[in-house]
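Asker: my questions concern the predicted model and sequence given below.
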Amino acid sequence: MVERKDFKHTNKFTSSWDLIASSISLTIKNYEQIAFFFFIPFLIFLLGSFYLSKAHISLQQLLHNSRINTDFIIGFILVSLWVIISFINYAPSLYFRISAVKKNTNESSVINCYKSAIRSTYKAWVCQLTMIILVLLGLLLLIVPGVILFRKYVLTPYYAVANPDLSIKEAFLRSSNDSRPAASYIYSTYLIIWLMSVIGLIIFGSFKLGSIGMELLGYIVLFMPALRYSEIIK
C-alpha cells in the first residue's frame with residue numbers, strides 16, 4: 001500500500017523541463033521584486049569588484065602603507081554593503097519566491113516579504129549553511145551520501161521560511177520526509193539550473209561584462225526550486 005501511495009504521489013509532479021516556462025512567466029510578472037532582491041545587489045557587488053580590481057593592493061601594501069587607495073576604499077565599502085544586503089535579503093527573497101508561486105500579489109510585495117520573513121533570517125541561513133556542509137562532507141567521503149543528502153535537505157531553507165514555527169531540526173526532518181517521493185524531480189530540477197549556469201558561462205564567459213548576461217540568464221530558472229517545493233508540500 002505504501003509503495004502505491006508513493007507512486008500516485010509522484011504523478012502530481014511537473015516535469016522539470018516544464019517548470020522552466022512557469023519560472024520564466026513568474027520572472028516577467030515579478031520583475032520589480034527581482035530587481036530589488038537580486039539585480040540591484042548584484043550591480044553593487046559588480047561595481048565593488050570593479051573598484052577592487054583597479055586598486056591592485058597586496059596584503060603587504062595594505063599593512064604597511066598608511067595611505068589606502070581610494071579605489072580600494074570604495075570597492076571594499078560596496079562589497080561589504082553587498083554582503084550585508086545579501087544576508088538580510090536571503091529569507092525575504094525565499095519568501096518572495098514562495099509567495100510568487102502561489103500567485104499572491106499582496107504576499108509577494110517587497111514590504112510584506114520583509115515583514116513576514118525577516119525573523120526567519122537566522123534560521124534560513126543556518127539551514128542553508130548546514131545543508132552545504134553536510135552535502136560537501138558526504139561528497140568528500142563517498143560521493144553517494146552527498147548526493148542523497150542533497151535531495152533530502154536542499155529545500156530546507158524554504159521550509160524554514162514558509163513555516164516560522166518550525167525548529168531547524170523540524171525543517172530538516174520535513175524536507176527529508178516530504179522530498180522522498182520527488183527525488184528524481186529534485187535532481188532534474190537542480191541539474192537544469194546547473195546546466196543553465198554552464199550555458200551562461202559558455203555564452204557570456206568571454207565578454208568583459210558577461211557576468212551581467214549570466215545573471216540575467218539565471219532568472220530564467222529562478223523560481224524552479226520554489227515551484228518544486230510548492231508541489232512537494234501539496
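Answerer: Happy to help now that I have it.
Asker: what about Asn112, how many neighbours?
Answerer: For Asn112, the neighbour count with other C-beta atoms under 10 Å is 17. In this view, the C-beta of every residue, glycine as well, is placed from N, C-alpha and C.
Asker: which residues touch stretch 159-174?
Answerer: 91, 94-95, 98, 117, 119-120, 123-124, 126-127, 130, 152-153, 156, 175, 229, 233 (C-beta atoms under 8 Å, 6 or more residues apart in numbering).
Asker: helices - which of those land there?
Answerer: Among the contacts of stretch 159-174, the ones falling in helices (DSSP state H) are 91, 94-95, 98, 117, 123-124, 126-127, 130, 152-153, 156, 175, 229.
Asker: and those, which of them are buried?
Answerer: Those of these that meet the buried threshold are 91, 94-95, 98, 117, 123-124, 127, 130, 152-153, 156, 175, 229, by 16 or more other C-beta atoms under 10 Å.
Asker: for the residues you listed, give me CSV that also has distance to Asn30 and pLDDT.
Answerer: Formatted as CSV, those follow (distance: C-beta to C-beta, whole Å; pLDDT from 0 to 100):
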residue, distance to Asn30, pLDDT
Ala91, 17, 96
Leu94, 14, 96
Tyr95, 13, 96
Ile98, 12, 95
Ala117, 16, 94
Lys123, 24, 95
Ala124, 20, 95
Cys127, 24, 95
Thr130, 29, 95
Lys152, 29, 94
Tyr153, 27, 95
Thr156, 23, 96
Ser175, 25, 95
Tyr229, 16, 96
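Asker: wait, which of those is closest to Ile192?
Answerer: Tyr229 (15.3 Å; C-beta to C-beta).
Asker: quick one: that closest one and Ile98 touch, right?
Answerer: Yes: contact criterion C-beta atoms under 8 Å: Tyr229 and Ile98 qualify, at 6.9 Å.
Asker: what touches both of those two?
Answerer: Common neighbours of Tyr229 and Ile98 (C-beta under 8 Å, 6+ apart) are Tyr158, Ala162.
Asker: identify, from the ones in helices among the contacts of stretch 159-174, the entry nearest to Glu32.
Answerer: Using C-beta to C-beta, the ones in helices among the contacts of stretch 159-174 come closest to Glu32 at Tyr95, 15.7 Å.
Asker: spit out the contact partners of the closest one.
Answerer: Residues counted as contacts of Tyr95 (C-beta under 8 Å, 6+ apart) are Cys113, Ser116, Ala117, Ser120, Val161, Ala162.
Asker: and Leu173, how many neighbours does it have?
Answerer: 15.
Asker: next one: Lys208
Answerer: Residues near Lys208, counting by other C-beta under 10 Å, number 7.
Asker: just the one 4 residues further on next, same as before
Answerer: Burial measure for Ile212: 15 neighbouring residues, criterion other C-beta under 10 Å.
Asker: and if you look at the one 5 residues further on?
Answerer: By the other C-beta under 10 Å criterion, the neighbourhood of Leu217 contains 16 residues.
Asker: is the closest residue to it other than its chain neighbours in a helix, a strand, or coil?
Answerer: Beyond its immediate neighbours in the sequence, the residue positioned closest to Leu217 (C-beta to C-beta, 6 or more residues apart in numbering) is Gly200, lying 4.3 Å away. Here Gly200 is recorded as helix under DSSP: H, G, I helix; E, B strand; the rest coil.
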